[in-house]
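A.B. asks: Starting from these lines, generate the structure:
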Amino acid sequence: MKLGVMTRLTETVEDGFREAAEMGFPTTQLVCWDERLFTAEYAERVKAISAETGVAISAFWCGYGGPSIWNLYQGQTTLGLVPPEYRFQRMQTLMRGADFTVMLGVPDMATHVGFIPENPNDPNFAGVVAALTYVGKYCLDRGLHFLFETGQETPTTLLRTIEEIGLPNMGVNLDPANLLLYGRGNPVDALDVFGKYVRGVHAKDGRYPTSGRFLGEETPLGEGKVNFPLLLRRLQAVGYTGALTIEREISGPQQKLDIANGKQFLESILQEIGALA
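C.D. replies: Here you go, the predicted model:
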């Protein structure tokens with residue numbers, strides 16, 4: 001497995017790649033919430049800086065417009081393709097994101113789909129599956145995998161959704177901390193449910209919620225409830241050899257320090273199990 005770090009697609013995207021290279025990361029997952037940047041010009045800029053720094057893009061993480069409230073109440077009605085009032089607009093954005101992913105020459109596009117209904121008999125479940133099938137087919141026709149970032153749905157619901165869609169290009173971007181932050185499950189056990197679909201991994205740590213309204217606390221790697229030694233062994237067992245992309249959801253100097261410490265933390269585990277590429 002290779003280590004990576006998140007890089008934001010902005011007007012100064014080159015700075016992010018250079019910083020990743022300076023910190024010794026061979027890969028990055030590129031993330032963008034501004035579809036105005038999904039252009040050929042920006043794709044060429046990104047490919048040029050990737051070649052210059054030697055930092056490969058493991059996946060494109062595609063955001064979308066409209067409100068996004070990251071809690072357990074308003075999140076149900078604002079995130080992803082689940083809210084019907086934002087669904088069509090976001091489908092269009094994801095398809096433009098897929099075109100941009102092709103321009104980048106990257107095989108995987110990931111996003112948060114939202115709080116997929118747990119009850120498969122909920123009428124909104126069928127609507128979400130129909131929308132995802134349409135976007136998934138659009139990606140398939142362009143040679144892309146579509147990855148669900150974990151956390152807002154239970155592992156069983158995610159597996160059910162993938163099975164209902166029935167396309168061969170569906171995959172999972174495992175964020176182990178999100179499963180804890182949203183109170184959805186243990187990330188190690190989740191691999192028993194959808195392990196064969198994992199094509200990307202966020203290395204992020206955190207704790208379970210202590211309120212029924214708000215997410216749990218994100219933490220530096222090794223300070224939360226994710227059992228990384230066991231998780232990485234389980235990923236190894238299911239045949240995962242891709243990137244481990246460190247994500248630390250703060251900003252400023254402390255973020256960089258936590259990322260550097262997290263890199264050392266993961267390297268020691270990967271060396272121990274013989275999985276550091």
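
A.B. asks: how close does the most far-flung residue of the chain relative to its centre get to Arg160?
C.D. replies: Distance from the C-alpha centroid of the chain peaks at Asn121, with 27.2 Å (C-alpha atoms, centre = their mean). To Arg160, Asn121 is 12 Å away according to C-beta to C-beta, to the nearest Å. No exception for glycine: its C-beta is placed from N, CA and C like everyone else's.

A.B. asks: now swap in Tyr138 and tell me
C.D. replies: According to C-beta to C-beta, Tyr138 and Arg160 sit 22 Å apart.

A.B. asks: Check Leu266 too.
C.D. replies: In this view, Leu266 and Arg160 are 31 Å apart by C-beta to C-beta.

A.B. asks: Could you check which helix or strand contains the residue nearest to Thr27 when sequence neighbours are not counted?
C.D. replies: Distances taken as C-beta to C-beta, 6 or more residues apart in numbering put Gly4 closest to Thr27, at 3.5 Å, once the chain neighbours are dropped. Using DSSP states H and E, Gly4 falls within strand 2-8.

A.B. asks: Equivalent analysis for Leu231, please.
C.D. replies: Secondary structure from DSSP H and E places Leu231 in helix 228-237.

A.B. asks: residues of that helix that come out buried?
C.D. replies: Neighbour-count burial for helix 228-237 flags Phe228, Leu231, Leu232, Arg234, Leu235 (criterion: 16 or more other C-beta atoms under 10 Å).

A.B. asks: same deal with stretch 166-180?
C.D. replies: Taking 16+ other C-beta under 10 Å as the criterion, stretch 166-180 shows Asn169, Met170, Gly171, Val172, Asn173, Leu174, Asp175, Pro176, Ala177, Asn178, Leu179, Leu180 as buried.

A.B. asks: Quick check: phi and psi at the fifth one.
C.D. replies: Note on Asn173: backbone dihedrals following degrees, to the nearest 10 are phi -100, psi 100.

A.B. asks: Provide a list of residues in contact with it.
C.D. replies: Asn173 makes contact with 59, 61, 108, 110, 147-150, 198-202 under the criterion C-beta atoms under 8 Å, 6 or more residues apart in numbering.

A.B. asks: do that again at 6 Å, thanks
C.D. replies: Residues in contact with Asn173 (C-beta atoms under 6 Å, 6 or more residues apart in numbering) are Ala110, Leu147, Glu149, Gly200.

A.B. asks: Assumed the first one was part of a helix.
C.D. replies: No - secondary structure assignment places Ala110 outside any helix; it is strand (DSSP: H, G, I helix; E, B strand; the rest coil).

A.B. asks: Pairing partners for it in the sheet, please.
C.D. replies: Taking DSSP bridges as the rule, Ala110 bridges to Trp61, Leu147.

A.B. asks: was I right about it contacting Ala59?
C.D. replies: Yes - shown here, Ala110 and Ala59 form a contact pair, counting by C-beta atoms under 6 Å, at 5.3 Å.

A.B. asks: Could you pull out the helices in the protein for me?
C.D. replies: For the chain, applying DSSP state H gives helices covering 13-22, 40-53, 75-78, 84-104, 123-141, 155-165, 176-181, 187-194, 228-237, 253-273.

A.B. asks: Need the mean per-residue confidence for the first one.
C.D. replies: Translated: helix 13-22. Taken as a whole, helix 13-22 has an average pLDDT of 98.

A.B. asks: Check which helices and strands it sits against.
C.D. replies: If you count contacts as 3 or more C-beta pairs under 6 Å, 6 or more residues apart in numbering; DSSP states H and E, helix 13-22 packs onto helix 40-53.

A.B. asks: starting at the chain centroid, how far to the helix it packs on?
C.D. replies: Chain-centre distance of helix 40-53: 21 Å, with C-alpha atoms, centre = their mean, to the nearest Å.

A.B. asks: same check, this time on stretch 43-62
C.D. replies: 17 Å.

A.B. asks: Just the C-alpha atoms of that stretch, please, in CSV.
C.D. replies: C-alpha atoms of stretch 43-62 as CSV (Å, rounded to 0.1, in the frame of the first residue of the first chain):
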residue,chain,number,x,y,z
ALA,A,43,-6.9,19.1,-15.9
GLU,A,44,-3.7,20.0,-17.8
ARG,A,45,-2.4,22.0,-14.9
VAL,A,46,-3.0,19.1,-12.5
LYS,A,47,-1.4,16.6,-14.8
ALA,A,48,1.6,18.8,-15.3
ILE,A,49,2.2,19.3,-11.6
SER,A,50,1.6,15.6,-10.9
ALA,A,51,4.3,14.7,-13.4
GLU,A,52,6.6,17.4,-12.1
THR,A,53,6.4,16.4,-8.5
GLY,A,54,5.9,12.6,-9.0
VAL,A,55,2.8,12.6,-6.9
ALA,A,56,0.2,10.3,-8.5
ILE,A,57,-3.5,11.0,-8.3
SER,A,58,-5.2,7.9,-6.8
ALA,A,59,-8.8,9.2,-7.3
PHE,A,60,-10.8,12.3,-7.9
TRP,A,61,-13.2,13.2,-5.0
CYS,A,62,-16.2,15.1,-6.5
